[in-house]
Structure formats: C-alpha cells, structure tokens
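> what's the 3D shape of this:
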Amino acid sequence: MYQYLESMDSVRQPFRDPTADDDIRTIAELQLFSEILVTIILGREIVVPQSYAFDSYGFHRVARTFLNARDVADADADHPFRPHLFGPGVRSFDDAVTNILTRARDARFLSSAFPELGEHPAEAGDRLDAGWLLSRPWLDDDRRAAFNIVRREFAELGPVAARPRPDSPTLPGLLRAFVARPAEGDVHDRLLRSIKALGPELNERSSLRLPGPWRDGKTAAEVAGGDDRLDEVIEFVDTLYNAVVAGSIGIATTTMSTELETDDQRLTARRIAQSLAVTEYQLGEGTAPTAPATTMFEVRAEGPVHAELRRLYESAGQGLPALFAERGADRRKSPFWKGVTAINTATDAKAAQKALEKHLTHVAGLLGKTTKLGLHNRIIEFGLGLSVAGGSAWVGSAFSMPVTAQIAMTIGGETLPAGLGFLATRLTGQKGTRRLAAALMQVVEPDRR
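Residues are numbered from 1 along each chain as shown. Prediction:
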C-alpha cells in the first residue's frame, strides 16, 4: 500500500543552514519525519514525485535518516520510498534530474533545495545531469551527501506503477472552475478575490514565493490584498497542486497538511483553504466531496527549545534499525509483517481495533529498546489516516519525553484505549507550555473507479 505526504512538498522544505536557530524549519522536518515514521509502522511505502525527490531539502535529510537506519539493520531489500517518474524521455530518476536542471535555466525557476541554480545557471554547453549538480563548487557537503543517498536509492528502483485517470483535472482548469463559482463563507470570498487579482500567473505556483514585483511594480502580497491573504492563496494552491500530483499517481492514500502556524485564527483559515482545495479537486475529478476529518500535528514546550528540538529530531531515529530489521525479515515469520497482515485482513471494526492495537504496542517496544531522549514536558503529536474494516481510522502517535512512542487511535470518530489514549486534550490543557507550531491534516483516498 502506498502513501503520499504533502509535508514533503519542496516549497515546505527549502534549503536552510542546518546550524541556524530556525525552529519552524526544524519542526517542519520533524513533522515529515513523524508522518514517514507512522507510514512505515503501518507497512506502507511513501510515493515521492520526481520533483520532490530532486528539490525537497527536508525530504533529502529525513530520507537519509531512514535509509541509513535501514542499512545499519542490513535490510537492503526494504525500500520505504518509491519514485513517481513522469514526462517525455524520463525512464529513470537520473533522466528526471536532467529534465529539471534543463528547466532551471528559466530565469523564473525557483529551486528549494538548490537556490544557487538561479545565481549560477548552467552554461549552454554544459551536460546537465546529476554528476554536474554534485560537482558544483557552491554545493555544501551536507546537501551533496543527502541528495546522493536519495539518488542512489532511486537509481536502483523502477518507478511506481501509477494509475492516473485519463481525464484527471489540471491545476489551471481547477483554478478556472473555482473562480467561476460563488463564494460560501469569508475565507472562500477572500480566496476568490485574491486569485482573480493574481491572475493566470498562479499556474506557476513557485512564482508566489519569488521576491520582486508580481505585476505593475506590486508584490504578490500587495496584489492579493496583504500577507495573510497571500498565505491563504498559497495554502489553497499548494493543496490543489498536491491533489493534482497525487491524482496523477492514482494509487496512494494522501495526507494533506497545512503550513505550520502558531496562531489559531490563521491556522483555521488555512484549514478552510485546504478543505476548499480538496473539495475543488474532488468536484473536478467527478467524485462526491467528502466532509473533511482533521487531525493535528502540534509541538508545545516551555521556554526556548531550539537545541532540544534539534536533539529530539536527531535522536528520534535511534530506534529505527530495530524497526527495519523486522521490516526486512521474512514476511511469513516477522512479527511486524504478521501485525500488518492482521490489520489489513481484519473483517470488522472490532478485529481491526484489536490488530492495530497489538501491532502498535509491538512497534512501540521496538522503538523504545534503543531510543533514550531524556527530554521533559515535551509532547509532539501527529496522525495518519488509513482505511480498515468497519470504516476509516486515525492513527495518532506521540513522543512524550522521556517516554517514547506512546500511540493511540480512533476508529469511526471514537477514541480507542491504546497507550495513554489520544493526547489532543492533554496538549491543549498542558500548563506552562506554549505552542511552537501546529499543522492540520486531512486524508484523501484515491478514486478507485
């Protein structure tokens, strides 16, 4: 089974100095790590579009953590990430890299992982390939190593067997349909006004983040009606874009997530923009819009926490080799795969609940054998949606230091008793803490027609 994660979007995970005190970027990587971890725990594989495999700095760093842990466990046959390749002449990931580097000659191309491509464009006679990129004098060792690990992994794998619908909607078509319908609600009305003002240039979404004038000497924020209005447009367009990409894959359950926020009002506006985008895609696809079910990724803490966040992120992978050792073992004998099979073959909600609870308890024990975080009063919660017998389920997992990998779940909207239970109420009520960042997520199943 496959999973697609919006949190790996390259515009969410741009290059930054790894030593900088940038909590939001650290938390964004931690969120991606968390979502990938839960996906792997459930026995799924993450589908990575070629553009994110090339240009998502956060994905490069997080993937390196997981792939190094797999190698430590000698589980070479386990491939948690699968590339989605597309485009004329693209038969391998290296072909995709060449195509992207050729596009980078465009003056309006904005690379998230390698912004220097805009400052040091290729010469006309250069042979553009991964070797050219890796040999650039401006490329630091950390980025070179992380990208090369991803490149080597995908060089050995064929692309995922995508099943797109021939009439799948496109981003320009969805934007045109959206502005043609009347608004329902304040956020919807603001989006309509801003999108109409910004015009067809929105089809190139990276342009929204480029510095400089958008039109007539005005910035994109000024044209959209202010920074908050531009943020809502970016949320809407990014979600719509990722829905289109996930639809072009056609086989993966998709976890949509908002940008990280600290303010409840802005987070709510982002959630509405996200839901409007998902609904717009479903209308364009011809499927019945579904009521959004959301879960939250949230980080709360006391006082300055950058160093501890970094410690958490760097320490969280210590238990992964034990997990990969079981994932890489004989599926007929591995307790991990027996647990996954029990979840996937459950015939009713009660059996699914029992199987999921048993599996998560087992995995928590694997992670806890080697992971010692030693932090206090820190809770990180994240969730992932899946389908099981008897309805949809939310798997939520929390790192609550010094106890690691406390896990809980809900099926059919009701919380089930696993571990310490779902921590949403504890998160909001914990005294002495402040929210560092939060994102809201919802799950979209692929059209199975």
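> now do residue 191 against residue 219, distance only.
Note on residue 191: its distance to residue 219, by Cβ to Cβ, to the nearest Å, is 18 Å. C-beta coordinates here come from the backbone N, C-alpha and C atoms, glycine included.
> more crowded one of those two?
A direct count of neighbours by other Cβ atoms under 10 Å for residue 191 and residue 219 places residue 191 higher, at 26 against 15.
> and the pLDDT for the residue nearest to residue 159 when sequence neighbours are not counted?
Among residues not flanking residue 159 along the chain, residue 85 sits closest, at 4.0 Å (Cβ to Cβ, 6 or more residues apart in numbering). On pLDDT, residue 85 comes in at 94.
> got the contact list for residue 85?
Residues in contact with residue 85 (Cβ atoms under 8 Å, 6 or more residues apart in numbering) are 50, 91, 92, 93, 95, 96, 159.
> and what of residue 116?
With contact set as Cβ under 8 Å, 6+ apart, residue 116 has these partners: 136, 138, 139.
> which SSE is the last one in?
Counting by DSSP states H and E, residue 139 is held by no secondary-structure element, helix or strand.
> so which strand or helix has residue 196?
Using DSSP H and E, residue 196 falls within helix 186-198.
> put the alpha carbons of that helix into PDB.
Output of helix 186-198 as PDB, limited to C-alpha atoms (Å, rounded to 0.1, in the frame of the first residue of the first chain):
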ATOM      1  CA  ASP A 186     -15.400  34.600   4.400                       C
ATOM      2  CA  VAL A 187     -12.300  32.600   3.600                       C
ATOM      3  CA  HIS A 188     -13.900  31.500   0.300                       C
ATOM      4  CA  ASP A 189     -14.700  35.000  -0.600                       C
ATOM      5  CA  ARG A 190     -11.200  36.300   0.200                       C
ATOM      6  CA  LEU A 191      -9.700  33.500  -1.900                       C
ATOM      7  CA  LEU A 192     -11.900  34.300  -4.900                       C
ATOM      8  CA  ARG A 193     -10.900  38.000  -4.800                       C
ATOM      9  CA  SER A 194      -7.200  37.300  -4.300                       C
ATOM     10  CA  ILE A 195      -7.000  34.600  -7.000                       C
ATOM     11  CA  LYS A 196      -8.800  36.800  -9.500                       C
ATOM     12  CA  ALA A 197      -6.500  39.600  -8.700                       C
ATOM     13  CA  LEU A 198      -3.300  37.500  -9.100                       C
END
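> can you map out the helices along the stretch 251-400 of the chain?
264-285, 306-315, 320-327, 335-344, 349-370 (DSSP state H, counting those that start in this stretch).
> and the third one, how far out from the chain middle?
How far helix 320-327 lies from its chain's middle: 22 Å, per Cα atoms, centre = their mean, to the nearest Å.
> contacts for that helix?
By Cβ under 8 Å, 6+ apart, helix 320-327 touches 40-41, 43, 65-66, 69-70, 72-75, 78, 80, 334-337, 363, 366-367, 369-370.
> which of the contacts of residue 116 count as buried?
Neighbour-count burial (16 or more other Cβ atoms under 10 Å) applied to these gives no buried members.
> would you turn those into CSV with distance to residue 2 and pLDDT?
Listed next are the contacts of residue 116 as CSV, based on distance: Cβ to Cβ, whole Å; pLDDT from 0 to 100:
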residue, distance to residue 2, pLDDT
136, 33, 94
138, 35, 94
139, 31, 95
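> would JSON lines of those with distance to residue 270 be doable?
JSON lines is the format used below for the contacts of residue 116 (distance: Cβ to Cβ, whole Å):
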{"residue": "136", "distance to residue 270": "36"}
{"residue": "138", "distance to residue 270": "34"}
{"residue": "139", "distance to residue 270": "33"}
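> re the thing from before, quick check on the contacts of helix 320-327: which are buried?
For these, buried by 16+ other Cβ under 10 Å: 40-41, 43, 65-66, 69-70, 73, 75, 78, 80, 334, 336-337, 363, 366-367.
> where does this protein have low pLDDT?
Scanning the chain with the threshold set as pLDDT under 70 gives 18-21, 106-108, 288, 290-296, 300-317, 349, 368-434, 448-449.
> what residues go with each domain of it?
Following automatic domain parsing, one gets these domains for the chain: 2-155, 171-253+282-292, 308-444.
> among these, which is nearest residue 260?
Taking Cβ to Cβ, domain 308-444 is the member of those nearest to residue 260, at 4.1 Å.
> could I get the buried residue list for stretch 84-101?
Neighbour-count burial for stretch 84-101, counted by 16+ other Cβ under 10 Å, picks out 84-86, 90, 92-93, 95-101.
> I figured residue 93 hits residue 53, correct?
Yes. Counting by Cβ atoms under 8 Å, residue 53 is a contact partner of residue 93 at 6.6 Å.
> between those two, which contacts overlap?
Common neighbours of residue 93 and residue 53 (criterion: Cβ under 8 Å, 6+ apart): 83, 154.
> hang on, the earlier thing: so for residue 276, which of the domains of the chain sits nearest?
Checking these against residue 276 by Cβ to Cβ gives domain 171-253+282-292 as the closest, at 6.0 Å.
> from residue 336, how far off is residue 362?
From residue 362 to residue 336 the distance is 7 Å (Cβ to Cβ).
> how about residue 177?
Separation of residue 177 from residue 336 (Cβ to Cβ) stands at 44 Å.
> now do residue 270
36 Å.
> now do the strands in the protein.
Ranges of strands in the chain, per DSSP state E, are 2-5, 45-49, 81-84, 252-257, 294-301, 379-388, 391-400, 403-411, 414-416, 434-444.
> what lines up beside the third one in the sheet?
Read that as strand 81-84. strand 45-49 (parallel) (DSSP bridges).
> for the partner strand, list the C-alpha coordinates in PDB.
Output in PDB follows, covering the C-alpha atoms of strand 45-49 (Å, rounded to 0.1, in the frame of the first residue of the first chain):
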ATOM      1  CA  GLU A  45       5.600   2.800   1.200                       C
ATOM      2  CA  ILE A  46       5.800   6.500   0.500                       C
ATOM      3  CA  VAL A  47       5.500   7.600  -3.100                       C
ATOM      4  CA  VAL A  48       7.800  10.500  -3.900                       C
ATOM      5  CA  PRO A  49       7.200  12.600  -7.000                       C
END
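> angle of it against strand 252-257?
Between strand 45-49 and strand 252-257, the angle comes out at 70 degrees (axes from the mean of the first three to the mean of the last three Cα atoms, to 10 degrees).
> of all the residues in strand 45-49, which ones are buried?
45, 46, 47, 48, 49.
> contacts for that strand next, please.
Against strand 45-49 from outside (Cβ under 8 Å, 6+ apart): 1-5, 8, 36, 39, 59, 79-84, 86, 154, 160, 245, 249, 251-252.
> give me the buried subset of those residues.
Buried members of the contacts of strand 45-49, counted by 16+ other Cβ under 10 Å: 2-5, 8, 36, 39, 59, 79-84, 86, 154, 160, 245, 249, 251-252.
> packing partners for the helix holding residue 196?
helix 171-179, helix 220-224, helix 227-249, helix 264-285 (3 or more Cβ pairs under 8 Å, 6 or more residues apart in numbering; DSSP states H and E).
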